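Student: model this:
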Amino acid sequence: MFSFFGDQDGKQPRPPVTVVSKVSVVKKTSTSTSSSTPRSPAASASNANGNGHLKVPSSSTSTSKGKINGSSPIKNGSSSTPSPLSRPTLLKKVSSAKLDSKPSSSPRPATSKSSPARSPIPKRKANLVARIESESESSGSDSESSDDALDPKPKLKRRKGSPTGTSTPTSLLGRDDDFLGRKDELFCLDEVDMRGEYDRGWVGFVGCEEVLNGKIKGWASGSNGWGENGKGLEKYQAYFPQPGFENGENPPSVELLYPAEGCREKFVLLTPASPREFNPISELRTALRLILEHYIPPSHTHIFGTLSDSLSDPLETPSSLPSRLTSPFAGSLATPPPDSMPTETIGDALRKALAPNRRDGPGFMRAMERFNSAMEELQCSGLMKSHMKVKQMKKKEWSVLVDFVHDSAYSRVVGPYSHELEHHPKHPTEVAEAISGKEDAYGELRHNFMSRVIEQTKLGPDSVFVDLGSGVGNCVLQAALQAGSRSYGFELLPVPAHCARLQLKEVQRRWTMWGLKGNLNVEVHEGDFRVHPMVAKRLREADVVLVNNEVFPSSLNIDLTNMFLDLKDGAKIVSLKPFVPEGFRMNESNCDSFGAIVKSSQHTYYQDWVTWKGDSGKYYVQIIDRTKRAKFEEEMMSGRRSRR
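Tutor: Numbers count the residues shown, from 1 in each chain. Predicted structure coming up:
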């Protein structure tokens, strides 16, 4: 930060002294926000699951993926005890050099043995605007040589102290008022049904009740013995204090009617004792808020209202809607007729019942009955389908909705495997032989990282996205819905590959429940991407290839550059380490290498965009461009002819 106290040496020119007979000094008080960390879109998306009034332990996160050759989930909370629904952080050393890792100060911290602390901020950094502008096209001169993916001895030790501005600049993820600009439809409520006759059915989704009981009986089946190890309802307690809402043999529950006609899910009205556990009330509140924000036609907003995240007392918060009572005209003594409609919207009733200073269980049940009844009438009238058919979404709104729907699926089918993802089971012989020690480590590229990749690479409905080392499939699924792209993932390790298959099925069912028109052309494969028969075909089609090669050995990165020679012109490779050595210059000896056909640029990812550290770092975008190689060959041939 800039110093507001003059020169750092403490020397300032002494101002001239002026004698005044009387001086009245009025000291202005100003509120400074320089000491607080700027909130990023990641934090906003995470707060969507934090649910404003609900001051209860929450486990919802923004789920994005990133993997260090195998993706592993991590959930909120600082408890060192792994939870079935928590996302594991990076537990193993990625090299012989120690990672001086610091836990994140974000609402979604990675689990760490050390206590959370803010990263120190170096003094007198360049201003934020200049840094963002230079970030978009970096020559790579400021990157260390150890960042080279082809370096046989990569140095993975982090620099002490995070750079200034580790929070996400709003400009990187799009302004709030920026619309997506996609020409295809985002919603397909008219194409979904229960069984999937239109190839979009929700039958078989894993419900909230199964997750809390710790016994997933649906198609996903969960983790063996998970519900038998004390991970069920005993981890939960009552949220509403009224009789009948306590945790017992028949815990209180309520049904939520989703935007898809006839699709309901039962939510158990309990709150977790640990912040690392799945929080059903928190998820229910966020689902209600998103439905009220995006799915209700303007003609019905006076009935449904909104469910804001305001922390103020709901009874003291004036309604944003105008009064429904008609004022008598001037000079009239007539009394206006009483309003036959409820004096408060459904959103107001929900917010009051859920407020921490009320926790009105019976009132919440009545508000949910009103909500489901009004939703059913709205669906039967066809007005919701018509409204969503032409619905336009802002970039941030769409990103938050995608993140929430995917996080709901993640909590249900990947969360139960968190212990196995953190503590890797013994790999089959062929897998153990294919990986090195440091490759067998996990981490995730979170939702904001992938959102930035989608924005930066212009991924869209006509694009093909390939993730080499796709882990549990988070980025593959995010590209298929948020960008509408055809998406393919390849993962070597058995446990995350199994989780990816489960999550793919659950996510597609959740798309149906919300009427989201994600691209159904999505595949996740298990196997070594160097020899998998489908990889070569998908790479020839690919527009964007994602590789989290943070801890890949140099031999694997060299194999990847040979595979990338088949990419088409204009294809983009996004990686955590560059595939082109710093300062690469084409000559006769290296003109046939990968560096001769690629343009590389360095960029910055920001605080909590990855799970293995809380501060910022670098990533690289390499674009296939064979024109400079052709130009070099032409110049080389003309030079040879001139020498003859």
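Student: so where's this protein shaky on pLDDT?
Tutor: Scanning the chain for pLDDT under 70 picks out the ranges 1-148, 150-177, 217-231, 309-342, 437, 639-644.
Student: which residues of the stretch 151-300 of the chain fall in strands?
Tutor: Under the criterion DSSP state E, counting those that start in this stretch, the stretch 151-300 of the chain contains strands at 236-238, 253-257, 264-268, 270-272.
Student: So which of the ones you listed is the most surrounded?
Tutor: strand 270-272 (a mean of 23; mean count of other C-beta atoms under 10 Å). Where you see a C-beta, it was placed from the backbone N, CA and C, and this is true even at glycine.
Student: neighbouring contacts of that strand?
Tutor: 56-57, 59, 212, 233, 235-239, 247, 251-252, 278-282 (C-beta atoms under 8 Å, 6 or more residues apart in numbering).
Student: Buried ones from these, can you make that a ChimeraX selection?
Tutor: Per 16 or more other C-beta atoms under 10 Å, the buried members of the contacts of strand 270-272 correspond to this ChimeraX selection:
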select :56,57,59,212,233,235,236,238,239,247,251,252,278,279,280,281,282
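Student: coming back round to it: of the strands of the stretch 151-300 of the chain, which is nearest residue 289?
Tutor: In terms of C-beta to C-beta, the element of the strands of the stretch 151-300 of the chain nearest to residue 289 is strand 253-257, at 12.1 Å.
Student: Give me the helices and strands touching the closest one, please.
Tutor: When contacts are defined as 3 or more C-beta pairs under 8 Å, 6 or more residues apart in numbering; DSSP states H and E, strand 253-257 sits against strand 264-268, helix 280-294, helix 361-381.
Student: Direction included, what does that strand pair against?
Tutor: Strand 253-257 pairs in its sheet with strand 264-268 (antiparallel), by DSSP bridges.
Student: Let me know the helix or strand that the closest residue to residue 366 other than its chain neighbours is in.
Tutor: Using C-beta to C-beta, 6 or more residues apart in numbering and skipping residues adjacent in sequence, the residue nearest residue 366 is residue 349, 7.2 Å away. Using DSSP states H and E, residue 349 maps to helix 346-354.
Student: same question, residue 455
Tutor: Assigned by DSSP H and E, residue 455 belongs to helix 447-457.
Student: That helix - contacts with which helices or strands?
Tutor: helix 41-50, helix 170-173, helix 395-413, helix 474-478, strand 544-547, strand 572-575, strand 598-605, strand 617-624.
Student: out of those, which comes closest to residue 505?
Tutor: helix 395-413 (8.0 Å).
Student: tell me the angle of the closest one relative to helix 447-457?
Tutor: With axes from the mean of the first three to the mean of the last three C-alpha atoms, to 10 degrees applied, the angle from helix 395-413 to helix 447-457 works out at 130 degrees.
Student: The spatially closest residue to residue 241 that is not a sequence neighbour - how many residues pack around it?
Tutor: Take residue 241 and drop its neighbours on the chain: the residue closest to it by C-beta to C-beta, 6+ apart is residue 359, 5.9 Å away. Other residues near residue 359 come to 20 when the count uses other C-beta atoms under 10 Å.
Student: again, but for residue 242
Tutor: 15.
Student: follow-up on the earlier one: winner for burial among the helices and strands packed on strand 253-257?
Tutor: helix 280-294 (a mean of 22).
Student: Could you export that helix as CSV, CA atoms only?
Tutor: Provided in CSV are the C-alpha atoms of helix 280-294 (Å, rounded to 0.1, in the frame of the first residue of the first chain):
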residue,chain,number,x,y,z
PRO,A,280,-29.4,-27.9,4.6
ILE,A,281,-31.1,-24.6,5.8
SER,A,282,-28.4,-22.5,4.3
GLU,A,283,-28.7,-24.3,1.0
LEU,A,284,-32.5,-24.0,1.1
ARG,A,285,-32.4,-20.3,1.8
THR,A,286,-30.0,-19.7,-1.2
ALA,A,287,-32.2,-21.8,-3.5
LEU,A,288,-35.2,-19.8,-2.5
ARG,A,289,-33.4,-16.5,-3.0
LEU,A,290,-32.2,-17.5,-6.5
ILE,A,291,-35.6,-18.6,-7.6
LEU,A,292,-37.2,-15.4,-6.4
GLU,A,293,-34.5,-13.4,-8.1
HIS,A,294,-34.5,-15.1,-11.5
